[in-house]
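Trainee: task: produce atomic coordinates for the following.
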Amino acid sequence: MSRAGHALGLRAEAAAAEMLAAKGYRVLGSRVRTPRGELDLVAEDGATLVFVEVKAFGAPRPGRHPGEAVGAAKRRRIAAAAGAYLARLGGPPRPCRFDVVSVVGSGPGTLEHLAGAFTL
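Mentor: Predicted coordinates for the structure are as follows:
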């Protein structure tokens, strides 16, 4: 990934975390590393643990949406990382959900939150 792409990703994750917090989510961590991969954001929505994938495009791309970049292989990687995160937590099982936040544009950009974007 280019330096500019990395910077865009960091800004998008920060904007997504801010938006989720404004919605009442409790953001537990960003860029959470596990033995099975990295999770962009981990948050709580009430009693539900939410694993959030953030996708960003620097500029609109006609006919394409950042959320579409979360295909089957990416969903499997996120699920594996989420499983490792849950194993590290231990304790009783708790409800979990996978969300996607898409960010289009630089600066504040346009954010779209899709709760329950996919299931396993």
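Trainee: in what helix or strand does the spatially closest residue to Pro93 that is not a sequence neighbour lie?
Mentor: Computed as Cβ to Cβ, 6 or more residues apart in numbering, the closest residue to Pro93 that is not its neighbour in sequence is Leu86, at 7.9 Å. All C-beta spots, glycine's among them, are computed from the backbone N, C-alpha and C. If you go by DSSP states H and E, Leu86 is part of helix 72-89.
Trainee: and for Gly91?
Mentor: Using DSSP H and E, no helix or strand contains Gly91.
Trainee: distance check, it against Leu10.
Mentor: Computed with Cβ to Cβ, to the nearest Å, the distance linking Gly91 and Leu10 is 31 Å.
Trainee: of the two, who's got more company?
Mentor: Leu10 (14 against 6; other Cβ atoms under 10 Å).
Trainee: so that one: helix, strand or coil?
Mentor: For Leu10, the secondary structure call by DSSP: H, G, I helix; E, B strand; the rest coil comes out as helix.
Trainee: ok, it to Leu20 distance?
Mentor: On the measure of Cβ to Cβ, Leu10 and Leu20 end up 16 Å apart.
Trainee: for Phe98, same thing?
Mentor: From Phe98 to Leu20 the distance is 14 Å (Cβ to Cβ).
Trainee: just Val70 next, same as before
Mentor: 17 Å.
Trainee: give me the neighbour count for the residue nearest to Pro93.
Mentor: Counted with other Cβ under 10 Å, Leu86 comes out at 16.
Trainee: ok, it touching Ala80?
Mentor: No - using Cβ atoms under 8 Å as the test, Leu86 is too far from Ala80 to be in contact (10.9 Å).
Trainee: quickly list what the residue nearest in space to the middle of the chain is bridged to.
Mentor: For the chain, the residue nearest the mean C-alpha position is Glu53 (2.1 Å; Cα atoms, centre = their mean). With beta bridges defined as DSSP bridges, Glu53 has these partners: Val100.
Trainee: got the contact list for it?
Mentor: Contacts for Glu53 (Cβ atoms under 8 Å, 6 or more residues apart in numbering) come out as Asp40, Val70, Lys74, Ile78, Phe98, Asp99, Val100, Val101, Ala117.
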